[in-house]
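1. what's the 3D shape of this:
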Amino acid sequence: MKSITDSTLAQTPWLAFLAVMAMVLVVATWVLWRRQSGRRRPKAAIACAVLSVLIHSSLFWFVPTKDQPGKGTGDAPGEIDGNAPVMVTIADVESFDPDQSASLDETPETFVPPLELPTPEADPQPAVVTAPAPSELPMQTSTDPPEFAAEPIELNATHAEIDQMMTDLLLADATLSQADAPEPMPTPEPPMPKPAAATPQPTEPLAAQPASAASGVPVPTQTVATPVASPRPDDFANRRGPARRSALIATGGDDRTEAAVAAGLRFIASRQRPDGIWDPTTTGAGQERMPLGENRNGAGKRAETGLTGLALLSLMGSGYTHLEGPYNDNVARGLQALLNRQANDGSMGGPAGTYARMYCHSIATLSLGEAFALTRDPRLAQATADALSYSARIQHPSTGGWRYQPGDTGDTSQFGWQAMAMESGKQGGMNLDPQIDHRLRTFLSTVRAGRGGLASYRPKRPPSRTMTAEALASRLLLGHYVPPAEIAEAEAYILQELPGMGEDNFYYWYYASLALHQLQSPAWTRWNEAMKRRLLATQRSDGSWPTTSVWGGYGGEVYTTAMGCLCLEVYYRHLTLHQAPEKIANGAVRPLVR
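-> Predicted structure coming up:
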């Protein structure tokens, strides 16, 4: 089996000879042209240039026929096949009572349950849905694959070798830095509000309609499979029923924060198009203000799927789904719009440009994953598995990261959304290839900074508070062990810049709130008071938040309002560490091995 570090030129000596000759001829051409005297030298230079072009052409002809790094069967760590299916399976798909299922409106753009679904058996067996290869995916949503679907980048051997050498150095440093990590001692867990025991049945099902009007969302084939090895707690249980109010009060929310969320969700719902999309162009997105001094060409102006996914996350953050709640129609249309834009390879990037496409994919995938985990609607199963399989295929095989293009070694900002999408799949009962989690851990180790509790945007870069918050939230929500000293270092760093200090940064606030809420420490109390004070003071009368924040120009008013709502839904959006015993508690209890 071929390793990713194998070199095409090393395997084929004559190709290496041709490459060396081509370089020699290029140098000779340059030297001859530099020499001014003599008439024969320019002719010699031209001859050298012609030979160099011919040899380069032969290299371009022969090298692609050889196996390239980054391609393979996917059977071993460090090998990827862009066409091979990645193990993303569903361990438990629940059937619905036909009386509680819903159906479609007259327009095919509206996504709702079909008229009839099978009645669950007395003791239903779990089902498994394996994501097929991209060429076999049932969704036919992309009419322009070259623009909508990002294809894996074919790297030449030299670039792959350099990338691998840098990766090996980073991984070696990360391994050494963790060699002396202290073993934690168990500590008692404080009492926290009890999560809801079960998902309530839909209270406001959509009107039923004949199945012939359905929009073509496939119901995946169900085959008997083995249940997951250990049950996972419902991380979204506090979003529903009495548990929501209990978690709100117990962890720092109040009636004012709930009123702000309600106003924000009303604003978000009012900005949705009839086809289900939240449109960046009509909500102020794509404005280039060069945050951090870099021009990203108005990155958000075509980020339809990302903005729609973010709006859906804010609605579902309060427990509203396409099957229940006052926004069931908005969620249904938004989900259908995402499914309609899913490419044949599973990508959810839509028409977004380079800087936004991968964000769009991961955020839209996260929204599909949460919708499926909250409802277990089988019609969402295959699309969710396909989107997660796409993420798994483009995860860098060595660093474990994601960035703007498939094949990039990764950055922490992209990583957080992809990691949370994978976690939402687990919450929905999907079995992910263990290599995915191994690579997640690898990437997080390469961006650690300080004494281990800080994080940088990319390896070897200076740490930042935003990336520290995102990395800490990812580690905690994924259930990774974080030593107490690293938690203390991260908390102290984050508390140096509370909301209200400097320019508003909803992105930073979102991840810092996720991380510190998990810990329920004095740092959370300080952060929460500052966050509430700033968000409540800056919300506008129509329920929105202004776009004058750091990334508000790219995202527009739907972005800032959705992020503001997500910050104020943090009290019940996820269980805290103390409510999820397989996760760590203040860095002192190891999670169960998965």
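2. Which parts of the stretch 201-350 of the chain are strands?
-> Along the stretch 201-350 of the chain, counting by DSSP state E, counting those that start in this stretch, strands occupy 223-224.
3. tell me which element the closest residue in space to residue 448 that isn't next to it in sequence falls in.
-> Closest residue to residue 448 apart from its sequence neighbours, by CB to CB, 6 or more residues apart in numbering: residue 455 at 6.2 Å. C-beta: built from backbone N, CA, C; applies to glycine. Per DSSP states H and E, residue 455 falls inside strand 454-455.
4. strands paired with that strand, and their directions?
-> strand 448-449 (antiparallel) (DSSP bridges).
5. you'd agree residue 462 is up against residue 455?
-> No - Residue 462 is beyond contact range of residue 455, at 10.6 Å (criterion: CB atoms under 8 Å).
6. can you list residues touching both of these two?
-> Counting by CB atoms under 8 Å, 6 or more residues apart in numbering, the shared contacts of residue 462 and residue 455 are residue 449.
7. among the helices and strands of the protein, which has the poorest mean pLDDT?
-> strand 223-224 (a mean of 24; mean pLDDT, DSSP states H and E).
8. got the buried residues for stretch 462-472?
-> 463, 464, 465, 466, 467, 468, 469, 470, 471, 472 (16 or more other CB atoms under 10 Å).
9. ok, now stretch 563-574?
-> Quick answer for stretch 563-574 (16+ other CB under 10 Å): 563, 564, 565, 566, 567, 568, 569, 570, 571, 572, 573, 574.
10. Least confident of the residues you listed?
-> The lowest pLDDT within these belongs to residue 574, with 93.
11. Which residue, other than its chain neighbours, is closest to that one?
-> residue 235 (5.3 Å).
12. How about the contacts made by the one you found?
-> Per CB under 8 Å, 6+ apart, neighbours of residue 235: 423, 427, 574, 575, 580.
13. between the residues you listed, which is nearest residue 44?
-> Nearest to residue 44 among the contacts of residue 235: residue 423, at 63.7 Å, using CB to CB.
14. Tell me how far that closest one lies from residue 388.
-> Using CB to CB, to the nearest Å, residue 423 is found at 11 Å from residue 388.
15. Over to residue 448?
-> Distance from residue 448 to residue 388, by CB to CB: 26 Å.
16. repeat for residue 234
-> For residue 234, the distance to residue 388 - CB to CB - is 19 Å.
17. Also residue 371?
-> 13 Å.
18. rewinding a little: of residue 234 and residue 388, give the one with the bigger neighbour count.
-> Legend: neighbour count by other CB atoms under 10 Å for residue 234 and residue 388, higher for residue 388 (28 against 20).
19. Using the three-state scheme, assign that one.
-> For residue 388, the assignment made with DSSP: H, G, I helix; E, B strand; the rest coil gives helix.
20. switch to numbering from 29
-> Sure thing, new numbering starts at 29, so read that last one as residue 416.
21. Tell me which stretches of the protein form strands.
-> With strands called from DSSP state E, the chain shows them at 116-118, 155-156, 251-252, 458-460, 476-477, 482-483.
22. weakest of these in terms of mean pLDDT?
-> strand 251-252 (a mean of 24).
23. what's the neighbour count on the residue nearest to residue 464 when sequence neighbours are not counted?
-> Excluding the flanking residues, the one nearest residue 464 by CB to CB, 6+ apart is residue 420, at 5.5 Å. The number of residues packed near residue 420 is 24, by other CB under 10 Å.
24. Residue 420 is in contact with residue 458, isn't it?
-> No - here residue 420 lies out of contact with residue 458, judged by CB under 8 Å, at a distance of 11.0 Å.
25. sorry, back to before: how close does the residue nearest to residue 602 get to residue 402?
-> Residue 263 is 10 Å from residue 402, by CB to CB.
26. Relative to residue 400, how far out is residue 449?
-> Counting by CB to CB, the gap from residue 449 to residue 400 is 11 Å.
27. Could you give the number of residues near the nearest residue to residue 418 once chain neighbours are set aside?
-> Nearest residue to residue 418, sequence neighbours excluded (CB to CB, 6+ apart): residue 374, at 3.4 Å. Using other CB under 10 Å, residue 374 has 29 neighbouring residues.
28. Let me know the pLDDT of residue 374.
-> 96.
29. was I right about it contacting residue 410?
-> No - using CB under 8 Å, residue 374 makes no contact with residue 410, being 9.8 Å away.
30. Can you name the residues that contact the closest residue to residue 376 other than its chain neighbours?
-> Of all residues not flanking residue 376 in the chain, residue 392 sits nearest, at 3.7 Å (CB to CB, 6+ apart). Contacts of residue 392 were listed using CB under 8 Å, 6+ apart, and they are 333, 334, 336, 337, 366, 376, 378, 415.
31. Would you agree the second one is in contact with residue 393?
-> No - because the distance of 10.3 Å does not satisfy CB under 8 Å, residue 334 is recorded as not touching residue 393.
32. Tell me how the protein divides into domains.
-> Residue ranges for the domains of the chain, per automatic domain parsing: 36-93, 116-180+246-253+262-318+327-601.
33. ok, residue 51 to residue 77 distance?
-> 13 Å.
34. neighbour-wise, which of those two wins?
-> residue 77 (17 against 13).
35. what's near enough to touch the more buried one?
-> 53, 57.
36. Next one, pLDDT for it please.
-> pLDDT, residue 77: 77.
37. Kindly report the same for residue 257.
-> 31.
38. How about residue 421?
-> 95.
39. Likewise for residue 284?
-> Value listed for residue 284 in the pLDDT field: 98.
40. Kindly tell me how buried it is, as a neighbour count.
-> If we define neighbours as other CB under 10 Å, then residue 284 has 12 of them.
41. Return the distance of the residue nearest to it when sequence neighbours are not counted relative to residue 554.
-> Using CB to CB, 6+ apart and skipping the chain neighbours, the partner closest in space to residue 284 is residue 564 (6.0 Å). Residue 564 is 17 Å from residue 554, where distance means CB to CB.
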